[in-house]
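Participant: This is a predicted model, with the sequence first.
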Amino acid sequence: MSQAHTVRKYDEDLKELNNMLARMGGLAEAQLKTAVEAAVRRDTDLAAQTIENDDLIDELELQIDDMVVKLLALRQPMATDLREIISALKVSAEIERVADCATNIAKRAIRLNEHPSVKGVGSLPRLAEVSQQMVKDVLDAYIEHDVDKALDVWHRDEQLDALHTGLFRELLTYMLEDPRNITPCTHMLFISKNIERIGDHATNIAEMCHFLVHGGPMRESRSRGKLAQRAAAAKDDTGSGA
């Protein structure tokens, strides 16, 4: 096999790897959209379908894992090529976590639908829209190697946090007004928290984009409050998987 043919095949493999990441990301975005719609429209069937579709994303992640192993074994990449392959592996894991959050939202939607409608549910679409756009934009940035676009997504997480905090306070008010709101509002709190976590996964992909292009971490740092929030979320992720 000629050197030119070998390089061309390698480039094709890397392109296919990015295509798989894009497909996986698109499915994760759709999962979030349908999960939130299930909660807002009180559509239990749609929530159940969203949960079932998670298997498609898990399968894509396994395919990406297999391709990464193959590329590492056959190509023995170095420098930029190695960063591209390792980054793809990490990004696929972040996308899978986005899908897991969407599945958690769908599960909570089913339980939320068992109770009378509560105030605050109308705020979910805006929260989800920001989160979904972050995922879309950061994946575009990663595939295009656009660090500036990735950094914009990274900063946009503060907007998502503010929306999440606002909804959190609103729901607490409803719970204090009427104890009957406590259970459904608790489900809403978990839904909002999972949407906010998706933003954190988007910022992780943004950081991977920076690493891919520049070979090092971002110089900017998060506030202590944000770091503590992400640490707490990570601890919760190891629990019951709300």
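Facilitator: Great, that's in hand.
Participant: before we move on, which element is Val213 in?
Facilitator: helix 182-214 (DSSP states H and E).
Participant: Next, the buried residues of that helix.
Facilitator: Of the residues in helix 182-214, 184-185, 187-213 count as buried by neighbour count, 16 or more other CB atoms under 10 Å. Glycine gets a C-beta too; all of them are placed from N, C-alpha and C.
Participant: who does it touch, helix- and strand-wise?
Facilitator: Secondary structure elements in contact with helix 182-214, counted by 3 or more CB pairs under 8 Å, 6 or more residues apart in numbering; DSSP states H and E, are helix 3-40, helix 79-112, helix 124-144, helix 147-177, helix 224-237.
Participant: try it again with 6 Å
Facilitator: Contacts defined by 3 or more CB pairs under 6 Å, 6 or more residues apart in numbering; DSSP states H and E place helix 182-214 against helix 79-112, helix 124-144, helix 147-177.
Participant: Identify whichever of those helices lies nearest to Val40.
Facilitator: In terms of CB to CB, the element of those nearest to Val40 is helix 124-144, at 5.8 Å.
Participant: Can I get that closest one as PDB, trimmed to CA atoms?
Facilitator: The C-alpha trace of helix 124-144 is given here as PDB (Å, rounded to 0.1, in the frame of the first residue of the first chain):
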ATOM      1  CA  LEU A 124     -38.400  24.800  30.800                       C
ATOM      2  CA  PRO A 125     -38.400  25.400  27.000                       C
ATOM      3  CA  ARG A 126     -36.300  28.600  27.300                       C
ATOM      4  CA  LEU A 127     -33.900  26.800  29.600                       C
ATOM      5  CA  ALA A 128     -33.700  23.800  27.300                       C
ATOM      6  CA  GLU A 129     -33.300  26.100  24.200                       C
ATOM      7  CA  VAL A 130     -30.100  27.700  25.600                       C
ATOM      8  CA  SER A 131     -28.700  24.300  26.600                       C
ATOM      9  CA  GLN A 132     -29.500  22.700  23.300                       C
ATOM     10  CA  GLN A 133     -28.000  25.600  21.300                       C
ATOM     11  CA  MET A 134     -24.800  25.300  23.400                       C
ATOM     12  CA  VAL A 135     -24.500  21.600  22.500                       C
ATOM     13  CA  LYS A 136     -25.000  22.300  18.800                       C
ATOM     14  CA  ASP A 137     -22.600  25.200  18.700                       C
ATOM     15  CA  VAL A 138     -19.900  23.600  20.700                       C
ATOM     16  CA  LEU A 139     -20.000  20.500  18.500                       C
ATOM     17  CA  ASP A 140     -19.800  22.700  15.400                       C
ATOM     18  CA  ALA A 141     -16.800  24.400  17.000                       C
ATOM     19  CA  TYR A 142     -15.100  21.200  17.800                       C
ATOM     20  CA  ILE A 143     -15.500  19.700  14.300                       C
ATOM     21  CA  GLU A 144     -14.400  23.000  12.700                       C
END
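Participant: Contacts for that helix, please.
Facilitator: With CB atoms under 6 Å, 6 or more residues apart in numbering as the test, helix 124-144 has contacts from 18, 25, 29, 32, 36, 40, 149-150, 153, 156, 160, 163, 195, 198-199, 202, 205-206, 209.
Participant: hang on, the earlier thing: make JSON lines from the helices and strands packed on helix 182-214 and add distance to Thr50, mean pLDDT and mean neighbour count to it.
Facilitator: Converted to JSON lines, the helices and strands packed on helix 182-214 look like this (distance: least, CB to CB, whole Å; pLDDT from 0 to 100; neighbours: other CB atoms under 10 Å):
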{"stretch": "helix 79-112", "distance to Thr50": "4", "mean pLDDT": "93", "mean neighbour count": "21"}
{"stretch": "helix 124-144", "distance to Thr50": "13", "mean pLDDT": "94", "mean neighbour count": "21"}
{"stretch": "helix 147-177", "distance to Thr50": "21", "mean pLDDT": "95", "mean neighbour count": "17"}
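Participant: No further queries at this time; thank you.
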